[in-house]
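In: generate coordinates for the sequence data below:
(2 chains)
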Number of protein chains: 2
Amino acid sequence: MAVQNVAIIGMGLLGTSLGMALRGGNCHRLCWTRRAEIRSWCLEHDAADETADDIETILAKADLTVFALPIPQIIAFMEKYAHAWRKGAVVTDMGSIKGRIMDAAERSLIPAGVQFVGSHPMAGTEKSGCENAFPTLYSNADVFICPGSNATPEAVEDVKAFWRSINTKPVMIPADAHDSLVAHTSHVLHVVASGLAMAILNSDDEKEKALRFAGCATGFRDTSRIASSNPAMWREIIEYNTPAVLGALKNFEDALAEYRKMIAEGRYDDFEQAFADGKVLRDSWLKYKGY
Amino acid sequence: MAVQNVAIIGMGLLGTSLGMALRGGNCHRLCWTRRAEIRSWCLEHDAADETADDIETILAKADLTVFALPIPQIIAFMEKYAHAWRKGAVVTDMGSIKGRIMDAAERSLIPAGVQFVGSHPMAGTEKSGCENAFPTLYSNADVFICPGSNATPEAVEDVKAFWRSINTKPVMIPADAHDSLVAHTSHVLHVVASGLAMAILNSDDEKEKALRFAGCATGFRDTSRIASSNPAMWREIIEYNTPAVLGALKNFEDALAEYRKMIAEGRYDDFEQAFADGKVLRDSWLKYKGY
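Out: Prediction:
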């Protein structure tokens, strides 16, 4: 792998776990995050080899920079610091949406001669912060890769090799296809999980609420798990991917309406068949993932 | 506890786990299930103390009988074997719905002088069969209790004490309130999970299907877990609880429509607040359950 100096910008759950995953590899890990005490924590916990007070010092040294920041900050930082990288340096990110990030890179990094290759690893938990990071967060994850308009084949290969070095599987995809895909496979699930928590647990009647609390068990626990995710983060993702999320929501609402129709019309054989088909699909997905 | 001979009828996941949970208690565990090799398995694996080829032999000895059968069989067995119990014996069940089971008990057991107290423990997994049974399946579960019209206070106390003896929490509730409750807290979740599996993973386009498989990660795994449940079992539960399930589905669809409206109208602050409210509700529920 050609990359030597890897800069991680933002040391929350994702950035810190990335630093930990790179332990023992052949790169020098630079890190920067706003709070000095977190930069120190990352050095102490072997999530980085070097840090600096000043982000521009880090960016100037980086062969590959990975943004592990919220989407608006990725966009703002690319605009603010486009001058800080040496020409030909490669920048990637871990943002959950790609379209608006690629647009920002086109406006800021590419005119400055900095190459951009978008990344999105399919990994995370409902927790946040460096203290919840762990080195196997990315193990076996698929990572979507969207090259910017100026990315050389070598830059794309470097980014793919980088992800492979921490045991993930790069998958090439255009930005718009990516954003529709994750709206279906992730974003809409958060809306559904939150909708379930609200529809099931929320009641003005204290006695009913107590019964609902008692009635929910492991099925509810798992189906609603991601409703305990960070509200600000999910607001942001959905704000930056609204058209695709609305499309995915429509597809799910249509599927649910089909199930409702089968039940309301007493077509229980059809319901059982649909449920069995869903089970086959999910079980084959589990096998694909190796869960 | 007054009950000495406990008969478990049906040795699948629930019946066998119940037998295992009763190990070392002060009752004598009788069991019956259709297949002789499973009856033998249960004796060999200490899930029961005694069995017989003939169900009526078991029922005649039982102080307390627990039906761990599918709903239609609970109803059929109560009608077929109402004569088999001694008068005053207590019968309960573990069926996921209560209304139609209580109706059947009114028609068959109660005229025969057999007392009925409906039970529904909030426990289960997506697996089935005695080979997947384990003794802590019921630990800390809430158990809903619906007394039949002829149940004496002593019979209700016996059933509550029975459930407490395996570390569960009895909660008294009328049958119709129960059926609406579980439609909300459990049944609708299975429809939603299956709808998600179908909406997300099902595609005629092989390339899109492969991308969807790659795009789904732990959020999908957990949100859709119960879509891998037994289709025949869930068809049955929904068939026997159709009006309540349709009501719960409507409530969820309304909650989801609210979220869609907030997103479509760009009211992201409202979305974030709703998501935060859902998180607070779910997190307080997790604490209540001790998960």
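In: can the helix or strand hosting A:Pro72 be found next to chain B?
Out: A:Pro72 belongs to helix A:71-81 when assigned by DSSP states H and E. No - shown here: helix A:71-81 not in contact with chain B (C-beta under 8 Å from any C-beta of the partner chain), separated by at least 11.9 Å. For every residue, glycine as well, the C-beta is placed using N, CA and C.
In: show me what secondary structure element comes after that helix.
Out: For helix A:71-81, the following helix or strand on the C-terminal side (DSSP H and E) is strand A:90-93.
In: and the following helix or strand past that next one, C-alpha only, in CSV?
Out: As assigned by DSSP H and E, the chain's next helix or strand after strand A:90-93 is helix A:99-107. Extracted in CSV, the C-alpha atoms of helix A:99-107 (Å, rounded to 0.1, in the frame of the first residue of the first chain):
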residue,chain,number,x,y,z
GLY,A,99,-24.3,12.8,-3.0
ARG,A,100,-24.1,16.1,-1.0
ILE,A,101,-20.5,15.2,0.2
MET,A,102,-19.4,14.5,-3.4
ASP,A,103,-20.9,17.8,-4.5
ALA,A,104,-19.0,19.7,-1.8
ALA,A,105,-15.7,17.9,-2.8
GLU,A,106,-16.3,19.0,-6.4
ARG,A,107,-16.7,22.6,-5.3
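In: buried ones in helix A:99-107, by neighbour count?
Out: If you call a residue buried by 16 or more other C-beta atoms under 10 Å in any protein chain shown, then helix A:99-107 has these buried ones: A:Gly99, A:Arg100, A:Ile101, A:Met102, A:Ala104, A:Ala105.
In: got the contact list for the nearest residue to the second one once chain neighbours are set aside?
Out: Looking back up the chat, that one is A:Arg100. Once flanking residues are discounted, A:Arg100 sits nearest to A:Tyr240: 5.3 Å by C-beta to C-beta, 6 or more residues apart in numbering or on different chains. By C-beta atoms under 8 Å, 6 or more residues apart in numbering or on different chains, the contact set of A:Tyr240 is A:Ile71, A:Pro72, A:Ile97, A:Arg100.
In: how about A:Leu59?
Out: Counted by C-beta under 8 Å, 6+ apart, A:Leu59 has contacts A:Ala7, A:Ile9, A:Thr65, A:Tyr81, A:Ala84, A:Trp85, A:Ala89.
In: could you list which residues are in contact with the closest residue to A:Gly19 other than its chain neighbours?
Out: Using C-beta to C-beta, 6+ apart and skipping the chain neighbours, the partner closest in space to A:Gly19 is A:Ala47 (3.5 Å). Taking C-beta under 8 Å, 6+ apart as the criterion, A:Ala47 is in contact with A:Met11, A:Thr16, A:Gly19, A:Met20, A:Arg29, A:Cys31, A:Trp41, A:Cys130, A:Ala133.
In: what's the spacing between the second one and chain B?
Out: As defined by C-beta to the nearest C-beta, to the nearest Å, A:Thr16 lies at a distance of 18 Å from chain B.
In: ditto for A:Lys250
Out: A:Lys250 sits 8 Å away from chain B, going by C-beta to the nearest C-beta.
In: quick revisit: buried subset of the contacts of A:Leu59 as a ChimeraX selection?
Out: Listed next is the ChimeraX selection for buried residues among the contacts of A:Leu59, using 16+ other C-beta under 10 Å:
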select /A:7,9,65,81,84,85,89
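In: farthest pair in the contacts of A:Leu59?
Out: A:Ile9 and A:Ala89 (12.8 Å; C-beta to C-beta).
In: between the two, what contacts are shared?
Out: Common contacts of A:Ile9 and A:Ala89, defined by C-beta under 8 Å, 6+ apart, comprise A:Leu59, A:Thr65.
In: still on that earlier bit, inside strands: which ones of the contacts of A:Ala47?
Out: A:Arg29, A:Cys31 (DSSP state E).
In: what's the closest of the contacts of A:Ala47 to A:Ile58?
Out: The closest of these to A:Ile58 turns out to be A:Cys31 (C-beta to C-beta; 7.4 Å).
In: pretty sure that closest one is touching A:Gly15, no?
Out: Yes - using C-beta atoms under 8 Å, A:Cys31 makes contact with A:Gly15 at a distance of 7.2 Å.
In: picking that back up, is it possible to get TSV of the buried residues of helix A:99-107 that adds pLDDT?
Out: TSV is the format used below for the buried residues of helix A:99-107 (pLDDT from 0 to 100):
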residue	pLDDT
A:Gly99	96
A:Arg100	96
A:Ile101	97
A:Met102	97
A:Ala104	97
A:Ala105	97
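In: name the nearest of these relative to chain B.
Out: A:Arg100 (14.3 Å; C-beta to the nearest C-beta).
In: show me the contacts for the closest one.
Out: Contacts of A:Arg100 by C-beta under 8 Å, 6+ apart are A:Ile71, A:Ile75, A:Tyr240.
In: check A:Ala21 too.
Out: For A:Ala21, the contact set (C-beta under 8 Å, 6+ apart) comprises A:Pro135, A:Thr136, A:Leu137, A:Tyr138, A:Ser139, A:Ile166, A:Asn167.
In: count residues in the vicinity of the closest residue to A:Asp93 other than its chain neighbours, would you?
Out: Counting by C-beta to C-beta, 6+ apart, A:Asp93 lies nearest to A:Phe67, which is 3.9 Å off, once chain neighbours are set aside. As a burial measure, A:Phe67 scores 25 neighbours (other C-beta atoms under 10 Å in any protein chain shown).
In: okay, A:Phe67: pLDDT?
Out: Note on A:Phe67: pLDDT of 98.
In: also A:Arg29?
Out: pLDDT, read off for A:Arg29, is 98.
In: excluding chain neighbours, give the residue nearest to the residue nearest to the spatial centre of chain A in space.
Out: Centre of chain A computed as the mean C-alpha position; nearest residue by C-alpha atoms, centre = their mean is A:Ser96, 4.2 Å away. Leaving aside its sequence neighbours, A:Ser96 sits nearest to A:Ile237 (C-beta to C-beta, 6+ apart; 4.8 Å).
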